[in-house]
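Asks: Fold the following for me, if possible:
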Amino acid sequence: MSTAVVLLHALGVDARMWDAPRAELSRAGHQVLAVDQRGYGVAPLGDAPPSLDVVADDLARLLDRRGVSDVALVGCSMGGYVAMAFLRRHPGRTSALALLATRAQADDEATAAQRRAMAELLADPGSRSRVHDATVPKLLGATTRRTAPSVADRVRALVEAVDHRAVAWSQRAVAERQDATDVLRGTRVPAVVLAGDEDELVSRADARRLADLLPDGELVTLAGTGHLAPLEAPREVGAALRGLLDRRGAALSEVRR
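Replies: Numbers count the residues shown, from 1 in each chain. Presented below is the predicted three-dimensional model:
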């Protein structure tokens, strides 16, 4: 059995959001799996009811097929929620953790209702373009929107390439997710929380709380970056992940002594 770095994408975009960090980590000699979650990219949606537990179990089965027993788990936004579900459902398989643009607490009822309403809008072909127009700018920081139009174009293309049924399923699954506070408090592995200082969807207070919950967690703030740091600041994300993997290596060496 082997180890791997597993990259879990955000809601509304597929695993291609990780192209730059994945290539950098691969060049550094790591086995990297950028996983398309259920309904995204090459992964079939299936007919299971919406649940992040289902996605976490999908990941466990994929790792079993690949012969991977131990992972450095990296999740952005919804990918972070999937990572937390994986920690709860498959303990002992994660030796390092990175969480980006995500939060520990479950949605309150108003936020969950907004997600369900968004899922309904996506079922209407006439509404989808308006949904994309409203949501895509919020995925990027103001600096990216102002100075990197090519990144905005890339994000729009990724969003429009995803099957709307998968996005609706994901919205409903995220709306029903469990609070992960206790899971994170019990996750005693090297961990890093990456927060864009221009993230309009997850507050810096949420990021700080997330890092504080992790026994070996640290917070890294990315300047001029919004919700999708792997696309907006790939070099900085790659550097932070390399640092995390170095910490994991040191921790494993200490255990073996």
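Asks: CA atoms only for stretch 182-192 - export them in CSV, please.
Replies: Backbone C-alpha positions of stretch 182-192 (Å, rounded to 0.1, in the frame of the first residue of the first chain) are rendered in CSV as follows:
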residue,chain,number,x,y,z
ASP,A,182,-15.4,17.4,17.2
VAL,A,183,-13.8,15.6,14.2
LEU,A,184,-11.3,18.4,13.8
ARG,A,185,-10.4,18.6,17.5
GLY,A,186,-9.6,14.9,17.3
THR,A,187,-7.5,15.1,14.1
ARG,A,188,-3.9,15.0,15.4
VAL,A,189,-1.9,15.3,12.2
PRO,A,190,0.1,18.1,10.7
ALA,A,191,-2.5,20.5,9.3
VAL,A,192,-2.7,23.9,7.6
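Asks: Can you show me the strands along the chain?
Replies: For the chain, the strands defined by DSSP state E cover 2-8, 32-35, 68-76, 94-100, 191-196, 217-222.
Asks: List the buried residues for the longest one?
Replies: The one in question is strand 68-76. Using 16 or more other CB atoms under 10 Å as the test for burial, strand 68-76 gives 68, 70, 71, 72, 73, 74, 75, 76. Backbone N, C-alpha and C define where each C-beta goes, glycine included.
Asks: what's the angle between it and strand 94-100?
Replies: Strand 68-76 runs at 10 degrees relative to strand 94-100, counting by axes from the mean of the first three to the mean of the last three CA atoms, to 10 degrees.
Asks: Please tell me I have it right and residue 74 contacts residue 4.
Replies: No - look at residue 74 against residue 4 with CB atoms under 8 Å: they stay out of range, at 10.6 Å.
Asks: Make CSV from the buried residues of strand 68-76 and add pLDDT and distance to residue 15 to it.
Replies: Shown next, in CSV, are the buried residues of strand 68-76 (pLDDT from 0 to 100; distance: CB to CB, whole Å):
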residue, pLDDT, distance to residue 15
68, 95, 16
70, 93, 20
71, 97, 15
72, 97, 16
73, 98, 14
74, 98, 12
75, 98, 12
76, 98, 11
